[in-house]
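[1] sequence? don't have it. structure:
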């Protein structure tokens, strides 16, 4: 069913630089043959009654958002970068000086990629300067980019200059950074923002002079080093780096993963750094709050929700609750939390959400949807935190202890949020009041005044549940007969973000109108009409994309985009086909006589957990799977994640013997756990495997119909064997997981895929 989901904002270009907004009626002098300056263009939100609304225009504050982007410019199989540290200051923060010893901050960053001491130094010496780490959850590989949003002000001296630092890996103590604290100026003398865009060449790589460049794996970060500060002290000075050992000398360049890491080559590039000012990108975000408890289950107090830059720490398990959290968890009073959030740096708007203002608690099964207009380019709108008391209880609550768990937008303003669910195992006890469940102490059970319970003086921890039935507690009340949230499958709460279809401000180039929209559900259709009294007519074919261009031929016209009103179901069924193509024809070098793949093993899970990924050390479960094909240890790890609420279902299927061949497996996936990890051992092999990690089966709030992934071979880093039949030889220390680039899987300089995983939705 098609639904009108967009807006109608009428602009009259009657005078240069200005426009008029009018009610829902024909404009005067329509079709009177006026010049092109008098064309009418309509784009906006049409309500049921036909009233026109314009999106609110944000007031431009003294500060404005900027995006810092760092791109690794090294070639494939070249050097990586640790998450870059950046700082904005008045020009007085000196990172280092050539021919001087490195500071502790530079030493720890250059040897181990640890920016913490440097951050501490900046905090003590840079006044009101601001800093951050562009962390992409791991090293920045060649070709990858990472971005960070923050706000700068031309009126703040400590925002005028920029510094950066990052370790070049693998290395003993190589790094990049700017030695001239005033070299990168962001505002000119008149206060105008000029930004920055520059490339760091290989000749600018520095040697911290703190560790001998022996390139032995045990001393070399990202090459085999298992703990920080393990190299031999050099006691030298900061200088230009002379480069790695020549190929054939047993150093970094002899590793296939880094065979192109010689940054001393002519025209070698290491990184590009861009700092750009962002214009507002106002989007309406729809948030649906649901009490998922069964009838006669738990209630929820009005939900507090706050938008911030990722720094608002609501609580930490194992530590004492703040006064604000205590008041919410014991009495449902969010006022102290509201005040706390209002006064913190990096916070944006906040709101209280209730099912019914006249009956504030959320009863089981109730839902409420709100729409909040946010600037997707504002750092204070990037993340969302929430909290609500679980009632009846002494001090039970739900909330997110990880302030970055629910991200709404990426650094480019794209909506990336996915739904979250809180299960019974994720209910917390604030540790502030004894769980006696006496009516006079228990909110919504008989308590008539706040702060009436017995002090516990404990710490925040997972709630153990209510007293068993027949012991005079909450569960003995018929109203709460099904409130035992420790029961398997009990769900307490869901928060579902979505982006309704909305047009972004249009652009005109000549007689072409450039349209772009976000949200909604494809396929989209453009529709036109010349006046509000006419019927809409389709323009062109249906589209899956989110942009279009149309010619402006008439002096007056209206345009809108409509989408298909569909919403992803809570669950979906998928079939995965493992199509193994590995054979003597595809990989002829030393091909084994008994090629096969072990049984499939994996899980559906949240974005917040990873069972394996390149560059990280393999878990015991991945080690056993990759070396023997055994599933038991990985099953235990997955079950622990399921118990913790970060994974939902264990996936276990058959293998392929011999290869080539196919195996199929069906599984159900929940929208709260819409990512899938799946692996299989390459056999025989020392510790090689194929798989996917954290693959999302949802895009733009919809289930993916079909996706195919080519399977590259990976080395788990747990065995030193280099051939299919190598004898067991444990890696000590263990190496990071990496894609296999060389023999015996290499063919004509490349490693062909060993097959594919195809995920097909089967319940449509």
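    Cool, got the structure. Just so we're clear, the structure is a prediction, and the values are computed from it rather than from any experiment.

[2] what about the stretch 1-150 of the chain, any weak spots by pLDDT?
    Residues of the stretch 1-150 of the chain meeting the criterion pLDDT under 70: 1-61.

[3] quick one, strands of it?
    Along the stretch 1-150 of the chain, counting by DSSP state E, counting those that start in this stretch, strands occupy 2-3, 10-12, 40-42, 45-46, 52-53, 64-72, 80-81, 85-89, 130-133, 145-152.

[4] name the single longest helix found in the protein.
    Using DSSP state H to define each element, the chain has its longest helix at helix 632-644.

[5] about what we covered before: of the strands of the stretch 1-150 of the chain, which stretch is the most buried?
    Mean neighbour count (mean count of other CB atoms under 10 Å) peaks for strand 80-81 among these, with a mean of 26. C-beta coordinates here come from the backbone N, C-alpha and C atoms, glycine included.

[6] ok, now which ones touch residue 408?
    Going by CB atoms under 8 Å, 6 or more residues apart in numbering, residue 408 touches 285, 307, 374, 376, 381, 382, 383, 384, 415, 416, 417, 497.

[7] can you give me the buried ones in stretch 628-638?
    Of the residues in stretch 628-638, 629, 630, 631, 633, 634, 635, 637, 638 count as buried by neighbour count, 16 or more other CB atoms under 10 Å.

[8] I meant stretch 88-100, not that one.
    For stretch 88-100, the neighbour count (16+ other CB under 10 Å) marks 88, 89, 90, 91, 93, 94, 95, 96 as buried.

[9] straight-line length of it, end to end?
    End-to-end span of stretch 88-100 (CA to CA, to the nearest Å): 23 Å.

[10] how does this protein divide into domains?
    For the chain, automatic domain parsing gives the domain ranges 2-57+504-564, 64-277, 282-498, 571-761.

[11] weakest of those by average pLDDT?
    Of all the domains of the chain, mean pLDDT reaches its minimum on domain 2-57+504-564 (a mean of 55).

[12] return the member of the buried residues of stretch 88-100 nearest to residue 166.
    Using CB to CB, the shortest approach to residue 166 within the buried residues of stretch 88-100 belongs to residue 95, at 11.5 Å.

[13] run through who's touching the longest helix of the chain.
    Here helix 632-644 has contacts from 425, 601-603, 605, 609, 611, 619-625, 647-650, 652, 679, using CB under 8 Å, 6+ apart.

[14] return the subset of those lying in helices.
    620, 621, 622, 623, 624, 625.

[15] quick one: buried ones out of these?
    621, 622, 623, 624, 625.

[16] with distance to residue 217 added, can I get the residues you listed in JSON lines?
    What follows is those, written out as JSON lines (distance: CB to CB, whole Å):
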{"residue": "621", "distance to residue 217": "24"}
{"residue": "622", "distance to residue 217": "20"}
{"residue": "623", "distance to residue 217": "18"}
{"residue": "624", "distance to residue 217": "24"}
{"residue": "625", "distance to residue 217": "24"}
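
[17] quick check, nearest of the ones in helices among the contacts of helix 632-644 to residue 251?
    The closest of the ones in helices among the contacts of helix 632-644 to residue 251 turns out to be residue 623 (CB to CB; 27.0 Å).

[18] does that closest one touch residue 681 like I think?
    No - counting by CB atoms under 8 Å, residue 623 does not reach residue 681; the two are 10.8 Å apart.

[19] ok, residue 378 - contacts?
    Going by CB under 8 Å, 6+ apart, residue 378 touches 65, 149, 151, 280, 348.

[20] which one of those is nearest residue 410?
    residue 149 (9.3 Å).

[21] residues in contact with that closest one?
    65, 66, 67, 68, 278, 309, 377, 378, 379, 382, 411 are the contacts of residue 149 under CB under 8 Å, 6+ apart.

[22] counting neighbours, what do you get for the last one?
    Think residue 411. Residues within reach of residue 411, counting by other CB atoms under 10 Å, total 19.

[23] sec struct for it, please.
    coil (DSSP: H, G, I helix; E, B strand; the rest coil).

[24] what's the helix or strand hosting residue 288 packed up against?
    Per DSSP states H and E, residue 288 falls inside strand 282-291. On a contact count with 3 or more CB pairs under 8 Å, 6 or more residues apart in numbering; DSSP states H and E, strand 282-291 meets strand 367-375, strand 491-498.

[25] any idea how far residue 382 is from the residue nearest to the spatial centre of the chain?
    With distances taken as CA atoms, centre = their mean, the residue of the chain nearest its centroid is residue 407 (6.0 Å). Distance, residue 407 to residue 382, using CB to CB, to the nearest Å: 6 Å.

[26] overlap in contacts of those two?
    Counting by CB under 8 Å, 6+ apart, the shared contacts of residue 407 and residue 382 are residue 310.

[27] okay, helices next: where are they in the stretch 351-500 of the chain?
    Counting by DSSP state H, counting those that start in this stretch, no segments of the stretch 351-500 of the chain form helices.

[28] just the buried ones from the contacts of helix 632-644?
    Using 16+ other CB under 10 Å as the burial test, those include 425, 601-603, 605, 609, 611, 619, 621-625, 647-650, 652, 679 as buried.

[29] circling back to that earlier point, in JSON lines, list the buried residues of stretch 88-100 along with distance to residue 576.
    Converted to JSON lines, the buried residues of stretch 88-100 look like this (distance: CB to CB, whole Å):
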{"residue": "88", "distance to residue 576": "47"}
{"residue": "89", "distance to residue 576": "51"}
{"residue": "90", "distance to residue 576": "56"}
{"residue": "91", "distance to residue 576": "56"}
{"residue": "93", "distance to residue 576": "52"}
{"residue": "94", "distance to residue 576": "55"}
{"residue": "95", "distance to residue 576": "49"}
{"residue": "96", "distance to residue 576": "51"}
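
[30] check which helix or strand the nearest residue to residue 271 once chain neighbours are set aside maps to.
    Distance criterion CB to CB, 6 or more residues apart in numbering; nearest residue to residue 271, sequence neighbours excluded, is residue 200 at 4.6 Å. Assigned by DSSP H and E, residue 200 belongs to strand 196-201.

[31] packing partners for the following helix or strand past that strand?
    Next along the chain after strand 196-201, taking DSSP H and E as the criterion, comes strand 206-207. Packing partners of strand 206-207 (3+ CB pairs under 8 Å, 6+ apart): strand 174-177, strand 239-240.

[32] for residue 73, which of these is the nearest?
    It's strand 174-177; of the helices and strands packed on strand 206-207, that one is closest to residue 73 (CB to CB) at 11.1 Å.

[33] and residue 391, what is it in contact with?
    With CB under 8 Å, 6+ apart, residue 391 has these contacts: 298, 299, 300, 301, 332, 361, 443, 444, 445.

[34] check these and tell me the two furthest apart.
    300 and 445, at 14.5 Å, using CB to CB across the contacts of residue 391.

[35] neighbour count winner among the two?
    With neighbours defined as other CB under 10 Å, residue 300 and residue 445 compare such that residue 300 has more, 29 against 19.

[36] tell me the contacts of that one?
    If you count contacts by CB under 8 Å, 6+ apart, then residue 300 has 291, 361, 362, 388, 389, 390, 391, 398, 492, 493 around it.

[37] now do residue 257
    77, 738, 739, 741.

[38] tell me the buried residues within the contacts of residue 391.
    Looks like the contacts of residue 391 have 298, 299, 300, 301, 332, 361, 443, 444, 445 buried, using 16+ other CB under 10 Å.
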